[in-house]
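Peer 1: Give me the fold of what follows.
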Amino acid sequence: MHPLAVNILSAQDLVSTFGELGVMVVLFLETGILLGIFLPGDSLLFVAGFAASGGIAGVHLHLGYLLPAALFGAIVGAQTGYEIGRRAGAPLFDRPDSRLFKRKYVDRAEAMFERFGPGKAIVLARLVPAVRTLLNPFAGIVEVPRAVFAVWNIVGAVIWTVGVTLLGYFLGQVSFLSKHIELVMLAVVVVSLIPIVIELARETRKARHHDTLTLPGAESRPDA
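Peer 2: Numbers count the residues shown, from 1 in each chain. So this is what the prediction gives:
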């Protein structure tokens, strides 16, 4: 396929045309540059792992090169996004909705940050499209300490890139699944949302439990 004919929204096109280097660049753009918000990070990792196992005819990737490339792109991209937010400040998100940028994405990133705190939010955001692009600069805007962000950035990048890539790699060795990659990719998207659902359910239970311990309208009264 000619590079100019590549569909940048198609993970399979990106992997088959640009290989491991393409995976690294796309992950850097998606996690570090706001313009990369539309890029297919989850499906790209899965398809790349699938291809590395030989599950896609005519596409040959090496797992030993793929994993470091993906990890490098995800870590450096997120750290770049953080630095952009730290330097640009709140005006970075002060823009009207467009085809790519939606204020609701920022609100979603902010809500996740406030609900889970810096550590969990940075890790969990890796699993949510758009949020993983916006949460990094948001962390910079609110001035999360660089060392704290760097640690959780690495943890989240390892879980995301290695986990999704290896899932694709092992499933690609199943002959039946290699013939139905579209269904498998859909399943991956669903599975990737499970940690978010679990955390939301856990936080909701905590909030409800706290409410039951608090009596509405209760006031302390002085001793008689």
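Peer 1: and the residue minimising distance to the centre of the chain, which of the three is it?
Peer 2: With distances taken as Cα atoms, centre = their mean, the residue of the chain nearest its centroid is R126 (2.4 Å). Following DSSP: H, G, I helix; E, B strand; the rest coil, R126 is assigned to helix.
Peer 1: from now on call the first residue 601
Peer 2: Sure, I'll start numbering at 601, so the last one becomes R726.
Peer 1: Now do the contacts for it.
Peer 2: By Cβ atoms under 8 Å, 6 or more residues apart in numbering, the contact set of R726 is 674, 732, 756-757, 759-760. Where you see a C-beta, it was placed from the backbone N, CA and C, and this is true even at glycine.
Peer 1: where's it relative to T631, distance?
Peer 2: Per Cβ to Cβ, to the nearest Å, R726 is found 8 Å from T631.
Peer 1: Then P668?
Peer 2: The gap separating P668 from T631 is 16 Å, by Cβ to Cβ.
Peer 1: and if you look at L692?
Peer 2: Using Cβ to Cβ, L692 is found at 15 Å from T631.
Peer 1: Those two: which has the busier surroundings?
Peer 2: Taking other Cβ atoms under 10 Å, L692 and T631 do not tie; T631 has more neighbours (31 against 18).
Peer 1: That one: what's it in contact with?
Peer 2: T631 makes contact with 641, 673-674, 677-678, 681, 732-733, 736, according to Cβ under 8 Å, 6+ apart.
Peer 1: Spatially, what comes nearest to it if we skip its sequence neighbours?
Peer 2: G677 (3.6 Å; Cβ to Cβ, 6 or more residues apart in numbering).
Peer 1: Let's test this: mean pLDDT of the helix or strand that contains that neighbour, rounded?
Peer 2: Per DSSP states H and E: G677 is located in helix 663-688. Helix 663-688 carries an average pLDDT of 95.
Peer 1: list the helices and strands that helix packs on?
Peer 2: Under the contact definition 3 or more Cβ pairs under 8 Å, 6 or more residues apart in numbering; DSSP states H and E, helix 663-688 sits against helix 611-632, helix 641-652, helix 731-741, helix 746-757, helix 763-771.
Peer 1: and the ones you listed, which is most packed in?
Peer 2: helix 641-652 (a mean of 28; mean count of other Cβ atoms under 10 Å).
Peer 1: can you list the residues that contact it?
Peer 2: Residues external to helix 641-652 that are found in contact with it (Cβ under 8 Å, 6+ apart): 611-612, 614-616, 620, 623, 626-627, 630-631, 656, 659-663, 666, 670, 727, 729, 732, 760-761, 764-772, 778, 781, 784-785, 788-789, 792.
Peer 1: got the angle between that helix and helix 663-688?
Peer 2: Put simply, helix 641-652 runs at 160 degrees to helix 663-688, going by axes from the mean of the first three to the mean of the last three Cα atoms, to 10 degrees.
Peer 1: Using PDB, write out the CA atom coordinates for helix 641-652.
Peer 2: Extracted C-alpha coordinates of helix 641-652, given in PDB (Å, rounded to 0.1, in the frame of the first residue of the first chain):
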ATOM      1  CA  GLY A 641      -4.600   3.600  20.100                       C
ATOM      2  CA  ASP A 642      -6.400   0.500  21.600                       C
ATOM      3  CA  SER A 643      -7.100  -1.100  18.300                       C
ATOM      4  CA  LEU A 644      -3.600  -0.300  16.900                       C
ATOM      5  CA  LEU A 645      -1.900  -2.100  19.800                       C
ATOM      6  CA  PHE A 646      -4.200  -5.100  19.500                       C
ATOM      7  CA  VAL A 647      -3.800  -5.300  15.700                       C
ATOM      8  CA  ALA A 648       0.000  -4.900  16.000                       C
ATOM      9  CA  GLY A 649       0.200  -7.800  18.500                       C
ATOM     10  CA  PHE A 650      -2.100  -9.800  16.300                       C
ATOM     11  CA  ALA A 651       0.200  -9.200  13.300                       C
ATOM     12  CA  ALA A 652       3.300 -10.100  15.400                       C
END
